[in-house]
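Trainee: no FASTA, just this:
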């Protein structure tokens with residue numbers, strides 16, 4: 001199972017077409033499998049070639065689904081276009097997930113996720129960049145230094161022990 005939109009960043013107003021693919025890699029046909037994609041809450045569903053579930057007569061936001069039958073080796077593909085309306089909000093990534101199962105209320109049999117960076121509202125117009133790993137603090141430096149020191153002491157100790165053993169061997173011990 002796979003879901004991808006082919007981009008790594010989404011800007012406000014930008015659209016992404018998510019392609020979800022399910023492949024039957026088993027040896028038997030499967031019937032009436034539910035393949036569904038749920039857009040990140042930050043995205044508006046613009047278009048889909050799938051169906052849209054409805055609760056109380058109105059479509060559920062950001063969800064599209066397909067019912068598929070697959071012979072061994074066959075694939076099914078669905079498409080959903082979503083739009084990022086705003087850079088506002090907490091997450092710096094937008095994640096869209098697709099799953100396959102027998103029923104929407106049952107645990108899925110397989111899932112896949114596509115994540116894209118989104119702009120940081122604090123940096124007007126700049127693309128969001130993950131902060132990455134933090135620089136090592138004093139604790140990491142102490143642990144790293146102690147590890148190197150122990151390794152050095154162990155190496156010197158082994159060399160001295162080995163030298164002593166070779167000397168004993170040479171003396172016919």
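Mentor: Arrived safely. As the structure is a computational prediction, the values presented were derived from the model and not from experiment.
Trainee: give me every residue that touches the residue most central in space within the chain.
Mentor: Per C-alpha atoms, centre = their mean, the C-alpha nearest to the average position across the chain is that of residue 113, at 5.6 Å. Residue 113 is in contact with 3, 95-98, counting by C-beta atoms under 8 Å, 6 or more residues apart in numbering. From N, CA and C alone the C-beta is placed, and that goes for glycine too.
Trainee: Under a three-state scheme, what state does the residue lying closest to residue 31 once chain neighbours are set aside occupy?
Mentor: Spatially, and ignoring its direct neighbours in sequence, residue 31 is nearest to residue 69 (4.7 Å; C-beta to C-beta, 6 or more residues apart in numbering). Secondary structure, DSSP: H, G, I helix; E, B strand; the rest coil: residue 69 is strand.
Trainee: What of the one 10 residues further on?
Mentor: Local secondary structure at residue 79 is given as strand here, using three-state DSSP.
Trainee: That one: what's it in contact with?
Mentor: 17-20, 48-50.
Trainee: Give the rounded mean pLDDT of stretch 161-169.
Mentor: Model confidence over stretch 161-169, given as mean pLDDT, is 74.
Trainee: Over to stretch 20-33?
Mentor: When pLDDT is averaged over stretch 20-33, the result is 94.
Trainee: buried stuff in that stretch?
Mentor: 20, 22, 24, 30, 33 (16 or more other C-beta atoms under 10 Å).
Trainee: for the second one, phi and psi?
Mentor: When you say that, I think you mean residue 22. phi -120, psi 130 (degrees, to the nearest 10).
Trainee: Could you tell me which residues make contact with it?
Mentor: 1, 33, 35, 68, 70, 75-77, 100, 110.
Trainee: ok, now with 7 Å
Mentor: When contacts are counted by C-beta atoms under 7 Å, 6 or more residues apart in numbering, residue 22 is found next to 1, 35, 68, 75-76, 100.
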